[in-house]
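K.L.:
Sequence isn't available, so here's the structure alone:
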């Protein structure tokens, strides 16, 4: 999808939040905001929103001199959710429809988006898991299972740290030998990189590749040739999260987009209200 | 108060809303957004937020070629609330504490901020009036009454159309001969101008002046000399709405700010949570 005008205030909000993460110095906040305003004024609106996200977080890294300012947060989220992993695995293994429950938990992982300042509370996780198990799911699990069975090469596009633990739970219910799991090529916000795949045991489970890009999504024109080959050869793509949806919604591939609709722009684009949980087969 | 970094996403949101009001053409929306981004990138953050609001709505007027794009909305709101005026006047006249109820209704007027697309429904107005009558009011009505009695020259700063009908109800409970009512010098958003004072009968009630400025607030350095003299000579100022608070919160005058706290920035600045209704005596 293209960038909507409504995305612009959101870019500024995200930039401010990142600026406050890297520094308490208001001069730094001002520098970030003025730079992001200038860049946004010249941006190509035909690009999907993660293209601007990429520029913003490049700037955050440059100004902070820190290549991975979200590292402590990512580690905290992974560790915390790994602690709950056995419990959630049990829920899936004892369920009547393990794949449906695993998909719903994968969406729970996508709902968990604490923001950088938040404390993580176990009670909140339970609430979110309950919500994702009981809420109406837009899309067909049967179709998903059918496509998984029919596919030879499945590419699973990861999204955020923490959430990746729930990706592992879903992958465990799928034919692992078919699956390649993709992470971002470089740190950007709290998106998954190879470190997160290692820390959460995904690398021991399936082949993991990085996409060669530092965008918070999957912008194919900026991904490595190796990744583009894998993408092109895959006959099924499982795409987690809004950033991947925003990047790939217009792509002519066999894709299931699994995520919660988190903003009015994606609600308008998908036709599903904010808060919907979806497993959308292409558009 | 100064402009906070958190105001920046809000400027962009307001600009987009105004762009959509003046045109359905996406090229116009893009032109507005890019221009506002460039202007915001260079803005003086030591100015209060209405300074940037002024620049945004100047641009909206220029691009639309319409000096008063909100005119139909303003007329609609005035007419609608004038229709309810006798009913609300009765509530005040039969109250145990008419001035307190009139102040609370003046705040109800400030709560009513339909946005440009909304329908007005009588039931909503009743809800808002009920809320403003029952909700905790931050500040002292007794102090306000005392200052009104002690003052010789009272300057009442108006805020929005529609809301101005409730200003009239409050003014009717005050010593009219002391009062001058101020409107904006030029149309900006749905702020009150002389037209609104005429249409709602304020001009027949008290002296009305315009402040000579096209800012959605009271930026003294941009107001006319005539207005600045009246401001300076007033020994009590009744200031309605957030825009006037943002403009004058650091001013060393005897001011009661009457409004609802409508955003997190003003909540942080005043120390009162969003949604609070206040009659604040200076800071």
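P.N.:
In hand now; what should we look at? Bear in mind that the values here come from a model prediction, so they are computed numbers and not experimental data.

K.L.:
list the helices and strands the helix or strand harbouring residue A:126 packs on?
P.N.:
Under DSSP states H and E, the secondary-structure element containing residue A:126 is helix A:122-134. When contacts are defined as 3 or more Cβ pairs under 8 Å, 6 or more residues apart in numbering or on different chains; DSSP states H and E, helix A:122-134 sits against helix A:71-93, helix A:98-111. Any C-beta I mention is one placed from the backbone N, CA and C, and that applies to glycine too.

K.L.:
right, so of those helices, which gets closest to residue B:21?
P.N.:
helix A:98-111 (34.6 Å; Cβ to Cβ).

K.L.:
From the contact counts, what lies against the closest one?
P.N.:
helix A:71-93, helix A:122-134, strand A:137-138, helix A:141-150, helix A:163-171, strand A:236-240, strand A:255-260, strand A:277-281.

K.L.:
now these in TSV, with mean pLDDT?
P.N.:
Converted to TSV, those look like this (pLDDT from 0 to 100):
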stretch	mean pLDDT
helix A:71-93	95
helix A:122-134	89
strand A:137-138	96
helix A:141-150	97
helix A:163-171	97
strand A:236-240	98
strand A:255-260	97
strand A:277-281	97
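
K.L.:
Touching, residue A:194 and residue A:202? I think so.
P.N.:
No: Residue A:194 lies out of contact with residue A:202 (Cβ atoms under 8 Å); the separation is 9.5 Å.

K.L.:
which residues do these two both contact?
P.N.:
Common contacts of residue A:194 and residue A:202 (Cβ atoms under 8 Å, 6 or more residues apart in numbering or on different chains): residue A:208.

K.L.:
between those two, which one's more packed in?
P.N.:
Each of residue A:194 and residue A:202 has its neighbours counted (other Cβ atoms under 10 Å in any protein chain shown); residue A:202 has more, 24 against 15.

K.L.:
now the helices and strands packed on helix A:98-111 as CSV including distance to residue B:75?
P.N.:
Shown next, in CSV, are these (distance: least, Cβ to Cβ, whole Å):
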stretch, distance to residue B:75
helix A:71-93, 51
helix A:122-134, 46
strand A:137-138, 43
helix A:141-150, 54
helix A:163-171, 51
strand A:236-240, 50
strand A:255-260, 42
strand A:277-281, 44
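
K.L.:
any chance of these in CSV, plus mean neighbour count?
P.N.:
Formatted as CSV, these follow (neighbours: other Cβ atoms under 10 Å in any protein chain shown):
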stretch, mean neighbour count
helix A:71-93, 16
helix A:122-134, 15
strand A:137-138, 16
helix A:141-150, 14
helix A:163-171, 26
strand A:236-240, 26
strand A:255-260, 25
strand A:277-281, 20
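
K.L.:
Point out where chain A drops to low pLDDT.
P.N.:
Scanning chain A for pLDDT under 70 picks out the ranges A:114-119, A:283.

K.L.:
Please report how far the residue nearest to residue A:240 when sequence neighbours are not counted lies from chain B.
P.N.:
The spatial neighbour of residue A:240 that comes closest, neighbours along the chain excluded (Cβ to Cβ, 6 or more residues apart in numbering or on different chains), is residue A:159 at 4.1 Å. Plainly put, residue A:159 is 24 Å away from chain B if you go by Cβ to the nearest Cβ, to the nearest Å.

K.L.:
Is residue A:159 in contact with residue A:191, as I believe?
P.N.:
Yes: Residue A:159 lies in contact with residue A:191 (Cβ under 8 Å); the separation is 6.8 Å.

K.L.:
Please identify every residue contacting each of the two.
P.N.:
Both residue A:159 and residue A:191 are contacted by residue A:243, under the criterion Cβ under 8 Å, 6+ apart.

K.L.:
how close does residue A:241 get to residue A:147?
P.N.:
For residue A:241, the distance to residue A:147 (Cβ to Cβ, to the nearest Å) stands at 19 Å.

K.L.:
Revised request: answer the last question for residue A:153.
P.N.:
To residue A:147, residue A:153 is 12 Å away according to Cβ to Cβ.

K.L.:
Repeat that for residue A:134.
P.N.:
With distances taken as Cβ to Cβ, residue A:134 is found 25 Å from residue A:147.

K.L.:
same deal with residue A:279?
P.N.:
Look at residue A:279 and residue A:147: by Cβ to Cβ, they are 11 Å apart.

K.L.:
Need the residues touching each of these two.
P.N.:
residue A:256.

K.L.:
And chain A, what are its domain boundaries?
P.N.:
A:7-64, A:71-281 (automatic domain parsing).

K.L.:
end-to-end on the last one?
P.N.:
When the termini of domain A:71-281 are compared using Cα to Cα, to the nearest Å, they are 33 Å apart.

K.L.:
The first one now?
P.N.:
Domain A:7-64 stretches 24 Å from its first residue to its last (Cα to Cα).
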